[in-house]
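Participant: Take a look and give me a structure for this.
(chains A and B)
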Protein chains: 2
Amino acid sequence: MTIKQPLRHAIGVFDSGVGGLTVLQALRRRMPHRDFVYLGDTARVPYGRKPPKMVAEFASGIARFLCDMGAEALVVACNTASAVALPGLAETCDVPVWGVIDPGVEAATRASHTGSVGVIGTKGAIGSGAYQRRLENRGLRVWAQACPMLVHLVEEGLANSPEAELLVRHYLSSRPEIDTLVLGCTHYPLLRPVIQRVAGKGVTLVDSADVTAERVEATLGGPPRCFVQGRVMHFVTGDPLAFTHTAHVIGGVEGDIVPLPLSELAKAEAEARAL
Amino acid sequence: MTIKQPLRHAIGVFDSGVGGLTVLQALRRRMPHRDFVYLGDTARVPYGRKPPKMVAEFASGIARFLCDMGAEALVVACNTASAVALPGLAETCDVPVWGVIDPGVEAATRASHTGSVGVIGTKGAIGSGAYQRRLENRGLRVWAQACPMLVHLVEEGLANSPEAELLVRHYLSSRPEIDTLVLGCTHYPLLRPVIQRVAGKGVTLVDSADVTAERVEATLGGPPRCFVQGRVMHFVTGDPLAFTHTAHVIGGVEGDIVPLPLSELAKAEAEARAL
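Facilitator: Numbers count the residues shown, from 1 in each chain, chains lettered A, B, ... in the order given. A predicted model of the protein is given here:
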């Protein structure tokens, strides 16, 4: 199979599945004239409970593939991959790379007045300590909680359900007094109403998607190269129909969806290892 | 890609993912000398929330593929696929086909003394009404509940966790007096301890895996063709590493795991449609 470079000057965005579409949407809101190439690694989703080394290898292959596709910048729209793969990715590709963690940490630092913040995410993201270290380095007291079931709530279309209420209450039950809570997973913005209700009105929720898009725009934005609406191309490693179906709960997909055999990513992973 | 018939006189077993491994294990316990070909459609998992027509097409392609691989009998080790695809499958393949629903229904009928039974399963399985209709046709009063989050509990390795307790209590909270509860999903046997605790000691839990294996053995069993341990071959449409990783929570995988491109199943689906 030969895949041609589909879009020039595009921003590459990737995630293990549909969650990164919330980041893609935030990027497109700020840079509507840009082209984007999205890769959803749905054949290997979820990353959150996989060994960090495995996720880092997946990420390096995907980054390489997106660069080969002509991406001139990359956004790792997945907290788990940002946590475990980001330092290595800069070496794999010769383009700027953003994760979703640093922007979230900056926004939380700006938002907190009391110095006590919380962060929730997948097992992988929280287990890596990536958020906690960065927040503590900025002098904040940090409460962190892995919430392995929340992604599934969103993907099952249960963001507003008794199950969501039960599980969010459970995961937040041990929190101390905090004034800011980082939603450390791209799926969680869909749970914002129930999380806000349970956390209380006084707690500021930080959505990394939006602050990441702000930072990417600040660096790459500039004047648009043209004024037509940018295009989006989606590569998925699993079934395109299943991707479309699950993406409905995130607000749907606009643009082409192209199946990408894992063998293509295996080649890209081997190339990345050889660097 | 050309895939050769790997095993002769094998029993084909398929599921959307790892759940069917509980059925495979039950079959192997009863027929240890048999060869098995397992197919886990992990690139398109979960089936439980997909449209019935889509699941039926997936199933017909998979059945066709397993027959092409030389399977001389098929077990649909997935409640959702059994519910929506079974009548059609008999036409696709010229070999005996078993689902997991009828054996579960028979076992529940035998187990119930009061005539009041319950069944829990995925949205797809419960939404299809397949269990309810069959149980009611046998004169039983039926309480049915879709439990969309329970599969995820098992796959996250949270079968013994506060989340499991919370969610099982939630899903069983509206049940009337029942004396028998059918575990209408291949993942649920892993949740047996918490379900038994919440349902109460007086409730008989019916695990379809075991009763299905009993029925298949009764028809196919006979004297073993040879006395060496049978072999198992696993085809997976998603990533083999991810399959192995998730399969750990079900008790692990024994035998080869071979990646199967979805394009092979697409061919088989087209063949099945042409019949």
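Participant: going forward, measure contacts between C-alpha atoms and count neighbours the same way
Facilitator: Fine.
Participant: what pairs with the nearest residue to A:Q145 once chain neighbours are set aside across the strands?
Facilitator: Closest residue to A:Q145 in three dimensions, ignoring its sequence neighbours and counting by Cα to Cα, 6 or more residues apart in numbering or on different chains: A:I120, at 5.0 Å. Beta-bridge pairing for A:I120 (DSSP bridges): A:Q145, A:L183.
Participant: show me what contacts A:I120?
Facilitator: The neighbourhood of A:I120, defined by Cα atoms under 8 Å, 6 or more residues apart in numbering or on different chains, consists of A:I126, A:A144, A:Q145, A:A146, A:C147, A:L181, A:V182, A:L183, A:G184, A:C185.
Participant: When you filter those down to buried only, what's left?
Facilitator: Buried positions within those, assessed by neighbour count (16 or more other Cα atoms under 10 Å in any protein chain shown), are A:I126, A:A144, A:Q145, A:A146, A:C147, A:L181, A:V182, A:L183, A:G184, A:C185.
Participant: now those in a markdown table, with distance to B:A26?
Facilitator: What follows is these, written out as a markdown table (distance: Cα to Cα, whole Å):
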| residue | distance to B:A26 |
| --- | --- |
| A:I126 | 37 |
| A:A144 | 41 |
| A:Q145 | 37 |
| A:A146 | 34 |
| A:C147 | 33 |
| A:L181 | 46 |
| A:V182 | 45 |
| A:L183 | 42 |
| A:G184 | 40 |
| A:C185 | 38 |
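Participant: ok, how many other residues are close to A:S208?
Facilitator: A:S208 is flanked by 31 other residues according to other Cα atoms under 10 Å in any protein chain shown.
Participant: so who does it touch?
Facilitator: With contacts taken as Cα under 8 Å, 6+ apart, A:S208 has the following neighbours: A:V100, A:I101, A:P103, A:G104, A:V182, A:L183, A:G184, A:T186.
Participant: wait, does stretch A:187-197 contact chain B?
Facilitator: No: using Cα under 8 Å from any Cα of the partner chain, no contact is recorded between stretch A:187-197 and chain B, whose separation bottoms out at 15.6 Å.
Participant: Show me how far that stretch is from its chain's centre.
Facilitator: The gap between the average C-alpha position of stretch A:187-197 and the chain average comes to 16 Å, counting by Cα atoms, centre = their mean, to the nearest Å.
Participant: can you tell me the average pLDDT over it?
Facilitator: Per-residue pLDDT values across stretch A:187-197 average out to 95.
Participant: Would you map the helices across the stretch 101-250 of chain A?
Facilitator: For the stretch 101-250 of chain A, applying DSSP state H, counting those that start in this stretch gives helices covering A:101-111, A:123-127, A:130-137, A:150-155, A:162-172, A:192-199, A:208-220, A:240-247.
Participant: Which of the helices or strands spans A:V84?
Facilitator: Counting by DSSP states H and E, the element that carries A:V84 is helix A:79-92.
Participant: Tell me the one among the contacts of A:I120 nearest to A:V37.
Facilitator: Each of the contacts of A:I120 was scored against A:V37 by Cα to Cα, and A:C185 proved nearest at 20.5 Å.
Participant: can you pull the buried residues of the helix or strand A:L24 falls within?
Facilitator: When elements are assigned from DSSP H and E, A:L24 belongs to helix A:21-30. By neighbour count on 16+ other Cα under 10 Å, the buried set for helix A:21-30 is A:L21, A:T22, A:V23, A:L24, A:Q25, A:A26, A:L27, A:R28, A:R30.
Participant: Next up, identify which helix or strand A:V37 is on.
Facilitator: Applying DSSP H and E as the criterion places A:V37 in strand A:36-40.
Participant: next structured bit after that strand?
Facilitator: Past strand A:36-40, heading to the C-terminal end, the next element that is a helix or strand (DSSP H and E) is helix A:52-68.
Participant: And that next one, what does it pack against?
Facilitator: Helices and strands touching helix A:52-68, as assessed by 3 or more Cα pairs under 8 Å, 6 or more residues apart in numbering or on different chains; DSSP states H and E, comprise strand A:10-15, helix A:79-92, helix A:262-274.
Participant: How far off centre is that helix?
Facilitator: The chain centre lies 14 Å from the centre of helix A:52-68; the measure is Cα atoms, centre = their mean.
Participant: For that helix, give me every contacting residue.
Facilitator: Taking contacts as Cα under 8 Å, 6+ apart, the residues outside helix A:52-68 that touch it are A:5, A:12, A:14, A:37, A:39, A:47, A:74, A:80-81, A:84-85, A:88-89, A:92-93, A:95, A:124, A:265-272.
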